[in-house]
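Colleague: the sequence isn't on hand, but the structure is:
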């Protein structure tokens, strides 16, 4: 079975540029999560969707960040304009059934390593 | 969100059992105990979860204290591939969110 697919795996760009990260969740999963991992702050939840609808975006750092899920098989995380402090590894995860009984595991992609110069 | 406390690092030799502790003294009755691990250069990977009773699966065992204020992840025979950061997470059954702490970095020596 194909897992969560993220692209690109690595992105290097100059500050001020727009960055778009992409995620394809596991087919049939109705929850999608975006995380960011840095040495200083660890793994942080940015936003998550249920049935393509954003449920909680309280972790999104500021207005420069936006996320969309136009359909059940695709999501994007966009940073515009990018800044050096946005450099991190960004993970996408998906799960089925959500937390109704606290049991559904999240399946993570391999991440996108983003470097803003 | 209820917090967990884990040692920063642990070491083990290959083929020996490993017991990874987690303290969660403020756990509530609706919190499930989840364990994930993150291998180098990969995303986190689900390991196991439980509520009150001990749990076993193909990857590990989870021993939960009777008062639920602590738990232990048990790897029965560590392999080099088990070297990773192990995260103990409390997840309320009413939420879909996982709040990751700093985890325990496990080193496995041949």
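Modeller: Done, it's in. Because the structure is a prediction, the values reported are computed rather than measured.

Colleague: quick one: low-confidence parts of chain B?
Modeller: B:1-2, B:93 (pLDDT under 70).

Colleague: okay, the most centrally placed residue in chain A: pLDDT?
Modeller: Geometric centre of chain A, nearest residue: residue A:34, 2.7 Å, by Cα atoms, centre = their mean. Looking at residue A:34, its pLDDT is 97.

Colleague: residues touching it, list them.
Modeller: A:23, A:45, A:46, A:47, A:48, A:67, A:75, A:77, A:90, A:91, A:92 (Cβ atoms under 8 Å, 6 or more residues apart in numbering or on different chains). Yep, even glycine has a C-beta here, placed from its N, CA and C like the rest.

Colleague: flag the shaky bits of chain A, pLDDT-wise.
Modeller: Using pLDDT under 70, chain A drops low at A:1, A:98-102.

Colleague: and with 80 instead?
Modeller: The model of chain A has pLDDT under 80 over residues A:1, A:97-103.

Colleague: around chain B, which positions in it sit nearby?
Modeller: Chain A has residues A:4, A:31, A:33, A:42-45, A:48, A:50, A:55-56, A:91, A:93, A:95, A:98-103, A:105-111 near chain B, with proximity defined as Cβ under 8 Å from any Cβ of the partner chain.

Colleague: surely residue B:101 is in contact with residue B:85?
Modeller: No. If you go by Cβ atoms under 8 Å, residue B:101 and residue B:85 don't touch, sitting 10.2 Å apart.

Colleague: these two: who's more crowded?
Modeller: Comparing residue B:101 with residue B:85 by other Cβ atoms under 10 Å in any protein chain shown, the one with more neighbours is residue B:85, at 21 against 16.

Colleague: contact partners of stretch B:37-46?
Modeller: Residues outside stretch B:37-46 that contact it (Cβ under 8 Å, 6+ apart): A:4, A:43, A:91, A:93, A:105-111, B:34-36, B:47, B:81-87, B:100, B:103.

Colleague: and that stretch, which residues are buried?
Modeller: For stretch B:37-46, burial by neighbour count (16 or more other Cβ atoms under 10 Å in any protein chain shown) applies to B:37, B:38, B:43, B:44, B:45, B:46.

Colleague: let me have these in JSON lines, extended by secondary structure.
Modeller: Formatted as JSON lines, the buried residues of stretch B:37-46 follow (DSSP: H, G, I helix; E, B strand; the rest coil):
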{"residue": "B:37", "secondary structure": "strand"}
{"residue": "B:38", "secondary structure": "strand"}
{"residue": "B:43", "secondary structure": "coil"}
{"residue": "B:44", "secondary structure": "coil"}
{"residue": "B:45", "secondary structure": "strand"}
{"residue": "B:46", "secondary structure": "strand"}
